[in-house]
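Participant: can you look at this prediction? I've put the sequence above it.
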Amino acid sequence: MSGARVMIIGGGARSHALGETLRRSPSVSEVLFAPGTSGLERLGYRTLPAASQDFDGLVEQAKLAEIDFTIVGPNTPLVDGVVDVFRAAGLPIFGPDQAAAKLEGSKVFARLLMNRLAIETPRFAICDTAERAAYLAQTTPWARVFKADGIAYGKGVRVTHRAKEAEAALEEVMQDNIYGLESKKIVVEERLDGTEITVFSLTDGQQVALLGHVLNYPRLLDEDRGPPTRGMGQLSPAPVVDAELLAHIERDVLRPTVAAMNERGTPLQGALFVDLMLVRGRALVIDYNVRFGDPATQILLSRIDGDLFAAMVACVQGSGLAQAVEQLTFDERPRASIVVAASGYPHRFERGAPIELHIRPFEDPDLWLFEDGVRWIPEQDRIETTGGRTFTVVAAGETYGDAVERVYKAVEHIQFDGMHFRRDIGRGW
C-alpha cells in the first residue's frame, strides 16, 4: 500500500506515539486523527470531526478524507464494534471485531478462557452479586482484588488488604455501579505482590509476532502505594525478562490464546498485549489487552525502527506478518518513561491549569514527549491541562540508570500547578 492516508481513532499520548511512528513510514503519506485533540493540531496534525464512539460519523469522515487505513486506539470503540462497522463499509481497519474484543472487554470471559487453556493466573472467583462477593471477602483470605467485568476506562479495579477495605471497594464497584457497566458481575482475585510486566505482540488471527516488553509501575505513588492506574512509568526492555521467560510467555500464553480465539470462530487480529505478574519464579497473567496499551505504547514504539505500518497491514490482510516484523529493528538501549499527571488523578482531577513547557530540550533524539490531556488555546498561544494524564516522557540511555536520570531531567522542563509524577521509577536498576 503506497502513500496511504491513515486515520487513528483517539487522541491521547498513545495515539500521538502511533502517529509519530507511522509518520516515518515510507508507505504512509499522511496521519490524521479522529477526533484528535487541539494539542495534536498544535503539532501539525490534521483532525477530523467525529467522536470515537460515533461509528457512522467515523466512517463518513474516513470516506470524505479518502482514508486508506484506520487504527483504533482506545478499547471502548473496539468492544462496542467499530471494526465491524468499518468492515461492513469495506474500509480496512486495524483491530479485532466485537466478538474477538471480548477478550479484553470481559474479565469473566478472559478468566474462563485462561482456565480452560491452563494459563497461570491468580486464584479467582466470579460473583454475580455484591452479597456473594462480600461473603467471599469475609471468609476467604486471598480474596482481596475486585475487578469489574466490563470496560471501566482503566478504573474498574480495587486492590485491598483487609476484609473491611474489601466491603468499601465492593460498594463502589458493584452497588453504586460508579462506572455504569452493563454487566454486574465481578471477578474476585488473589492479591499478589510481585513485579508487573507487559509483553507485546501482533497477530493476524493465526500467527503471533513479538514486539517487546516493559516493566510497569502501575500504582500512583512512590513505593507502589496508592490506587492502581494505567501506569505511572515503565522501563523497557523489562530488565526482569530473559529469553527463557519470553519463550514461555509466547509458547504457553500468546499462541494458545490466539489459537483458542480462532477455534471458537472469533479470530483475533491486531495487537495483543498481555499483563503479567512475576511472583516467586511464576508468571501469572493479569489481563489481556487487544489494542496498543497506554502508556506502554509510548516507550515501546520509541525502540522500534522500520515500517511498523507494513506489519499492521499484514495483520489485517492475514498474511505476511512474520516477514513484516522481521524487517523491524529494535534499539536495545534501555528506556525509562514517566507519566506526568494532574492533581487528583486518577479520580477527580483538576482541569485548566496553564502549562509551561520548554520544548527545545526535547529536540534531543534520545528524548520523546507525547501529549495526552493537553488543550491548545491558539488565540492565547498557550496550553493547559484538560485530562488526568498530561504527558508521557521517554528517555534512552546506555544503562537503565542513565535513562532514568535523563527522563527525570526532561520532566523538569514541564511545569504546572498540581503536577504529579512518581519519583522512584527505575530505582534499583
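Facilitator: All right, it came through fine.
Participant: so where's the stretch 151-300 of the chain uncertain?
Facilitator: For the stretch 151-300 of the chain, applying pLDDT under 70 flags the ranges 152-156, 173-183.
Participant: can you give me the strands in it?
Facilitator: Using DSSP state E, counting those that start in this stretch, the strands of the stretch 151-300 of the chain run over 157-159, 186-190, 195-203, 208-216, 219-221, 225-228, 233-236, 270-279, 282-289.
Participant: which of those sits most buried?
Facilitator: Mean neighbour count (mean count of other CB atoms under 10 Å) peaks for strand 233-236 among the strands of the stretch 151-300 of the chain, with a mean of 28. From N, CA and C alone the C-beta is placed, and that goes for glycine too.
Participant: which strands and helices sit next to that one?
Facilitator: If you count contacts as 3 or more CB pairs under 8 Å, 6 or more residues apart in numbering; DSSP states H and E, strand 233-236 packs onto strand 208-216, helix 296-301, strand 335-341.
Participant: which outside residues touch the shortest one?
Facilitator: Applying CB atoms under 8 Å, 6 or more residues apart in numbering, the contact partners of helix 296-301 are 13-14, 16-18, 20-21, 198, 200, 211-212, 214, 216, 231, 234-236, 273, 308, 335-337, 368, 370, 392, 394.
Participant: partner strands of the helix or strand following it and their direction?
Facilitator: Next along the chain after helix 296-301, taking DSSP states H and E as the criterion, comes strand 304-305. The strands beside strand 304-305 in its sheet (DSSP bridges) come out as strand 329-330 (antiparallel).
Participant: what segments of the stretch 251-400 of the chain are helices?
Facilitator: 255-263, 296-301, 308-317, 321-326, 400-411 (DSSP state H, counting those that start in this stretch).
Participant: same deal with the stretch 51-200 of the chain?
Facilitator: With helices called from DSSP H, counting those that start in this stretch, the stretch 51-200 of the chain shows them at 55-64, 75-80, 82-88, 98-105, 107-117, 130-139, 163-170.
Participant: which stretches of the stretch 1-150 of the chain have low pLDDT?
Facilitator: Residue ranges of the stretch 1-150 of the chain with pLDDT under 70: 1-2.
Participant: follow-up on the earlier one: can the strands of the stretch 151-300 of the chain go into JSON lines with extra columns for distance to residue 341?
Facilitator: Listed next are the strands of the stretch 151-300 of the chain as JSON lines, based on distance: least, CB to CB, whole Å:
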{"stretch": "strand 157-159", "distance to residue 341": "17"}
{"stretch": "strand 186-190", "distance to residue 341": "26"}
{"stretch": "strand 195-203", "distance to residue 341": "18"}
{"stretch": "strand 208-216", "distance to residue 341": "15"}
{"stretch": "strand 219-221", "distance to residue 341": "8"}
{"stretch": "strand 225-228", "distance to residue 341": "11"}
{"stretch": "strand 233-236", "distance to residue 341": "11"}
{"stretch": "strand 270-279", "distance to residue 341": "20"}
{"stretch": "strand 282-289", "distance to residue 341": "20"}
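Participant: which of the ones you listed sits closest to residue 247?
Facilitator: With CB to CB, the closest approach to residue 247 among these belongs to strand 208-216: 9.7 Å.
Participant: using CSV, list the CA coordinates for the closest one.
Facilitator: C-alpha atoms of strand 208-216 as CSV (Å, rounded to 0.1, in the frame of the first residue of the first chain):
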residue,chain,number,x,y,z
VAL,A,208,1.9,-14.3,16.6
ALA,A,209,4.9,-11.9,16.3
LEU,A,210,6.6,-10.5,19.4
LEU,A,211,7.3,-6.8,19.6
GLY,A,212,8.9,-6.3,23.0
HIS,A,213,8.2,-6.0,26.7
VAL,A,214,8.2,-3.4,29.6
LEU,A,215,8.4,-3.3,33.4
ASN,A,216,5.4,-1.5,34.8
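Participant: any residues touching that strand, and which ones?
Facilitator: 195-203, 231, 234-241, 246, 250, 254-255, 258, 272, 275, 296, 299-300, 303-304, 311, 321-322, 324-325, 328, 330.
Participant: so what's the most centrally placed residue in the chain up against?
Facilitator: Centroid-nearest residue in the chain: residue 293, 1.5 Å away (criterion: CA atoms, centre = their mean). Residues in contact with residue 293, defined by CB under 8 Å, 6+ apart, are 14, 198, 200, 230, 273.
Participant: residues in contact with the third one?
Facilitator: Meaning residue 200. Applying CB under 8 Å, 6+ apart, the residues near residue 200 are 210, 211, 212, 213, 214, 271, 272, 273, 293, 296, 300.
Participant: residues in a beta bridge with the first one, which ones?
Facilitator: Think residue 210. In beta-bridge terms (that is, DSSP bridges), residue 210 pairs with residue 201.
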